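Chemist: sequence-free structure coming up:
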């Protein structure tokens, strides 16, 4: 009778290990799925910063293929309203802001256990006036 109880515990432990491994693999795959769009957004932001620093007032239409690719990649992960804001021919700063918003949403999906914003009380003391 004692062996029957031990086998039950071992079987339960093995099932728990398999479930934990499956959950880990799913989280790892989800993070990998979001890495490519995040890298694409980083590249776009870098290019837009250069455009803005060089005095560009409008995002050229040459950016549109990359934005279309990004919108396609994120169609099932980001709200349609946010994706609609990812268009060329606007101001570089506005597009950068929209890209940062989308990127924050992706970070929130990839790490839901990490808080995205500091509490209001922590922000007040971050940068004291000199």
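Modeler: That came through fine. Nothing here was measured: the structure is a model prediction, and the numbers come from that model.
Chemist: ok, now which ones touch residue 103?
Modeler: By CB atoms under 8 Å, 6 or more residues apart in numbering, the contact set of residue 103 is 38, 41-42, 45. C-betas here are computed from N, CA, C, even on glycine.
Chemist: Where does pLDDT dip in the chain?
Modeler: 1-6, 112-130 (pLDDT under 70).
Chemist: Spit out the contact partners of the residue most central in space within the chain.
Modeler: Geometric centre of the chain, nearest residue: residue 106, 2.0 Å, by CA atoms, centre = their mean. For residue 106, the contacting residues are 34, 37-38, 41, 74, 77-78, by CB under 8 Å, 6+ apart.
Chemist: Also residue 57?
Modeler: By CB under 8 Å, 6+ apart, the neighbours of residue 57 are 91-92.
Chemist: for residue 83, same thing?
Modeler: Residue 83 touches 71, 74-75, 102, counting by CB under 8 Å, 6+ apart.
Chemist: Same question for residue 27.
Modeler: By CB under 8 Å, 6+ apart, no residues touch residue 27.
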